[in-house]
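[1] What follows is a predicted protein model with its sequence.
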Amino acid sequence: MSQGKIIAVCTSLNKGERKKAVGRCQLLKEFGLEGDAHAGDWHRQVSLLAQESIDKMIAAGLDVGPGDFAENLTTASIELFTLPVGSLFRLSSGAELEVTQIGKECHTRCSIYYQAGDCVMPKEGIFARVLKEGLVSNGDRIELVRRGAAKGEADG
């Protein structure tokens, strides 16, 4: 289907802060990235944001990069926010992620919003759960292997 690559793998020890690039990390089944504050038994185990979305904020004059929007995986060459819930990604290691949510409600305005008057994560970030574990590293392939059915559409 569609193929891109992982630009950055990022984690943080606490919620509500920018994530730091770690280069590689273990994806744990039904949990998320090992050592990340957002990992756990819920539907938003891993967050993804495209470099193309970050580039929009750079074009608006911000000095931002991977992890600054608190995303775990920064990708390139896949338009993430257009994918329906249920879409499935496979990484180079064989790890699999299933999209569980597109965008999110931003309850508190983050520092990015105040700097630019806008933030891409609530509109263009996506969330996934880990179906198969494996290592994820900068430069890995991320492949869309199933495009999920949009809400209200029949499967099949």
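    It's in. Because the structure is a prediction, the values reported are computed rather than measured.
[2] Quick one: the helices in the chain, in order.
    For the chain, applying DSSP state H gives helices covering 51-59, 111-116, 121-124.
[3] Could you give the separation of the shortest one from the chain centroid?
    In this case it means helix 121-124. 10 Å (C-alpha atoms, centre = their mean, to the nearest Å).
[4] so what secondary structure elements neighbour that helix?
    strand 46-50 (3 or more C-beta pairs under 8 Å, 6 or more residues apart in numbering; DSSP states H and E). To be clear about C-beta, it is placed using only N, CA and C from the backbone, and glycine gets the same treatment.
[5] who does the strand it packs on pair up with?
    Partner strands and pairing direction for strand 46-50 (DSSP bridges) are strand 73-76 (parallel), strand 126-132 (antiparallel).
[6] Just send these back as a markdown table, with mean neighbour count too.
    Listed next are the strands paired with strand 46-50 as a markdown table, based on neighbours: other C-beta atoms under 10 Å:
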| stretch | mean neighbour count |
| --- | --- |
| strand 73-76 | 24 |
| strand 126-132 | 21 |
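[7] and the gap between residue 2 and residue 128?
    From residue 2 across to residue 128, the span is 15 Å (C-beta to C-beta, to the nearest Å).
[8] tell me the average confidence for stretch 31-49?
    The pLDDT scores in stretch 31-49 average 96.
[9] got it, and stretch 148-156?
    On average, stretch 148-156 scores 50.
[10] 14 is where my numbering starts, stick with that
    In the new count, where the first residue is 14, that last one comes out as stretch 161-169.
[11] where among the helices of the chain is the average confidence lowest?
    helix 124-129 (a mean of 50).
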